[in-house]
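Student: Based on what follows, work out the 3D shape:
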Amino acid sequence: MEEDGGRRAAGSPAAASGRFVRCLYAVGFLDLFGVSMVVPLMNLHIKSLGASHTVAGIIGSLYGIMQLFSSTFVGCWSDIVGRRYSLLSCILLSALGYFLLGTSTTVFLFAISRVPVGIFKHTLSISKALLSDLVSERDRPLVMGRFNAASSVGFILGPVVGGYLTELEDGFYQTSFMCASIFLLNAGLVWMLPWSEENTGNREHQQGNKGTDSFSAKANRDLHLKSATNGAMASDSLFQSPWIQVATVLKRIKGIACSDLWDIFLVRLLMSVAILLYYSNFSLALEERFGVKPLFAGYLMSYSSALGVLAGCLLGPITRLYQHNTYRILLHSSTLTCTLILLYASALSIWMVILSSTFLAFSTTVGRTCIIDLELTIGGNEASGTLLGVGQSVTSVGRIVAPLLSGIAQEFSPCGPPSLGVGLALVAILIMNANKQKYCSHGNVKLKNQ
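Tutor: Coordinates of the predicted model:
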């Protein structure tokens, strides 16, 4: 009887955690589904409003700059006020931005509509921080991979629906309102998540598994502490003065800046720029090198995205094969990415390009998931939102730098951008090898303010 009771106590929180995680998969899917309906149509819309190419580029750059600076602050803010409040706020304010986009009849209104989205569109980062709070370190790569796969499915389906709606009268405005409605639906889903049930489940899970091995006991203890910490933050920090919250955010960011995490973020920056350089002139390079039409390049990119979804689902077997050694997975996936970009840059036929794109979809998906997991492992779980926010800012820097480097490299050759990407990926691999001991030790790099 006692054994059965113990099984029920262990099974109940596991089921509760499973429901919560699956709901977050739906949040990620809806987020990118809504966004990808609108984003491919925005350049056409702003030009239809009479904006020049320069003005359209400036507005696009301003959005990227807002994302660059806001992601760290919003991620840190989610550590302070709690995931539920910050996630709901970001979704609702993003919905407001897309609603304003649906009413934009001038370039000025279009620019205004991008402000709330540029500052608060961090649903995926906060969701990943929440997943990090909910699952053990051992299960984190698997859960993150599935979350990325669910989000990628939304990104694949969204442009199809958006393209269909655009064919209707006032199609862009209808698509924008549809996107805002999806974000409101997402906010309702987040509001109805079993937050109290999840916290209770985590506590019961810790109590019901005291006889398990030392690793599981540590994971359950971390889970319990994270749950209690987030609950305390949500109840106490939510009613603090905004100035106190800002001061706390700045203190945490200073702690990250003064910590020994520069190499992790540098590896992320280098690999991000390398992959962005690969895609920067993909269609143009295929046309110039092999005489392939842009339509074929579009099909090839969609094919790669679909393979990326599959790669996210395969992270479980991959992590078990590597005995949950995230560093080795990241090193091998980065080496494979570097090799495949080199293969693409030196390809003599279109079949070599298809081959490199096939395996590159797997290596980049695995690499993105592993670099996030390594950030959280080395940096510690106390500030997961801040770490993910800083990581997102690093990626935003890459998005700003990559087009400039691509333009310069294309002056020499259509193969210039991917060739430069190979060099940057090699530097990232050398940095990982030089810091192998730190990555493998799994010791937390304590922040200065702790």
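Student: which sections of the stretch 51-200 of the chain are below the confidence cut-off?
Tutor: For the stretch 51-200 of the chain, the stretches flagged by pLDDT under 70 are 196-200.
Student: how about the helices of it, start to end?
Tutor: Ranges of helices in the stretch 51-200 of the chain, per DSSP state H, counting those that start in this stretch, are 53-81, 83-102, 107-120, 123-134, 140-166, 171-192, 195-207.
Student: Output those helices as TSV; include the columns distance to residue 317 and mean neighbour count.
Tutor: C-betas here are computed from N, CA, C, even on glycine. Converted to TSV, the helices of the stretch 51-200 of the chain look like this (distance: least, CB to CB, whole Å; neighbours: other CB atoms under 10 Å):
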stretch	distance to residue 317	mean neighbour count
helix 53-81	30	19
helix 83-102	29	22
helix 107-120	36	18
helix 123-134	19	24
helix 140-166	9	21
helix 171-192	30	19
helix 195-207	25	18
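Student: of all these, which lies closest to residue 348?
Tutor: Proximity to residue 348 (CB to CB) singles out helix 140-166 among those, at 30.2 Å.
Student: Check which helices and strands the closest one is in contact with.
Tutor: Where contact means 3 or more CB pairs under 8 Å, 6 or more residues apart in numbering; DSSP states H and E, helix 140-166 is packed against helix 2-48, helix 123-134, helix 171-192, helix 294-313, helix 315-321, helix 350-379.
Student: and if we set it to 10 Å?
Tutor: helix 2-48, helix 123-134, helix 171-192, helix 294-313, helix 315-321, helix 326-345, helix 350-379 (3 or more CB pairs under 10 Å, 6 or more residues apart in numbering; DSSP states H and E).
Student: what's the angle from the second one to helix 350-379?
Tutor: So the one you mean is helix 123-134. Angle between the axes of helix 123-134 and helix 350-379 is 50 degrees (criterion: axes from the mean of the first three to the mean of the last three CA atoms, to 10 degrees).
Student: same question, the fourth one
Tutor: What separates the directions of helix 294-313 and helix 350-379 is an angle of 40 degrees, with the same axes, to 10 degrees.
Student: average pLDDT for helix 294-313?
Tutor: The average pLDDT for helix 294-313 rounds to 82.
Student: Okay, buried residues for it please.
Tutor: Buried positions in helix 294-313, judged by neighbour count with 16 or more other CB atoms under 10 Å: 297, 300, 304, 307-309, 311-312.
Student: which residues are in contact with stretch 284-301?
Tutor: If you take CB atoms under 10 Å, 6 or more residues apart in numbering as the criterion, stretch 284-301 is touched by 159, 278-279, 281-283, 344-345, 347-350, 352-354, 357-358, 361, 410, 413-418.
Student: State the helix or strand in which residue 274 lies.
Tutor: Using DSSP states H and E, residue 274 sits in helix 262-280.
Student: Now stretch 388-402: buried residues?
Tutor: Buried residues in stretch 388-402, counted by 16+ other CB under 10 Å: 388-398, 402.
Student: Could you export that stretch as PDB, CA atoms only?
Tutor: Extracted C-alpha coordinates of stretch 388-402, given in PDB (Å, rounded to 0.1, in the frame of the first residue of the first chain):
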ATOM      1  CA  LEU A 388      18.400  33.900 -22.000                       C
ATOM      2  CA  GLY A 389      17.800  37.600 -22.500                       C
ATOM      3  CA  VAL A 390      21.500  38.300 -22.800                       C
ATOM      4  CA  GLY A 391      21.800  35.400 -25.300                       C
ATOM      5  CA  GLN A 392      19.000  36.800 -27.300                       C
ATOM      6  CA  SER A 393      20.700  40.200 -27.400                       C
ATOM      7  CA  VAL A 394      23.900  38.500 -28.600                       C
ATOM      8  CA  THR A 395      22.000  36.900 -31.400                       C
ATOM      9  CA  SER A 396      20.400  40.400 -32.200                       C
ATOM     10  CA  VAL A 397      24.000  41.800 -32.600                       C
ATOM     11  CA  GLY A 398      24.700  39.000 -35.000                       C
ATOM     12  CA  ARG A 399      21.600  39.900 -37.100                       C
ATOM     13  CA  ILE A 400      22.800  43.500 -37.200                       C
ATOM     14  CA  VAL A 401      26.500  42.600 -38.100                       C
ATOM     15  CA  ALA A 402      25.800  39.800 -40.600                       C
END
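Student: OK, contacts around the residue nearest to residue 110 when sequence neighbours are not counted?
Tutor: In space, and not counting its chain neighbours, residue 110 is closest to residue 104: 4.2 Å by CB to CB, 6 or more residues apart in numbering. When contacts are counted by CB under 10 Å, 6+ apart, residue 104 touches 45-46, 49, 110-114, 172-173, 176.
Student: quick one: which of those residues is nearest to residue 69?
Tutor: Closest to residue 69, out of all of the contacts of residue 104 and judged by CB to CB, is residue 114, at 14.4 Å.
Student: The closest one and residue 97 touch, don't they?
Tutor: Yes. The pair residue 114 and residue 97 qualifies as a contact (CB atoms under 10 Å) at a distance of 6.8 Å.
Student: Could you tell me which residues touch both of the two?
Tutor: With CB under 10 Å, 6+ apart, residue 114 and residue 97 have common neighbours residue 121.
Student: Now the buried residues of helix 294-313 in JSON lines, please, with extra columns for distance to residue 23.
Tutor: Shown next, in JSON lines, are these (distance: CB to CB, whole Å):
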{"residue": "297", "distance to residue 23": "36"}
{"residue": "300", "distance to residue 23": "34"}
{"residue": "304", "distance to residue 23": "28"}
{"residue": "307", "distance to residue 23": "26"}
{"residue": "308", "distance to residue 23": "22"}
{"residue": "309", "distance to residue 23": "19"}
{"residue": "311", "distance to residue 23": "23"}
{"residue": "312", "distance to residue 23": "18"}
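Student: Can I get the buried residues of stretch 388-402 in TSV including distance to residue 120?
Tutor: TSV is the format used below for the buried residues of stretch 388-402 (distance: CB to CB, whole Å):
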residue	distance to residue 120
388	15
389	12
390	17
391	18
392	13
393	15
394	19
395	17
396	15
397	20
398	21
402	24
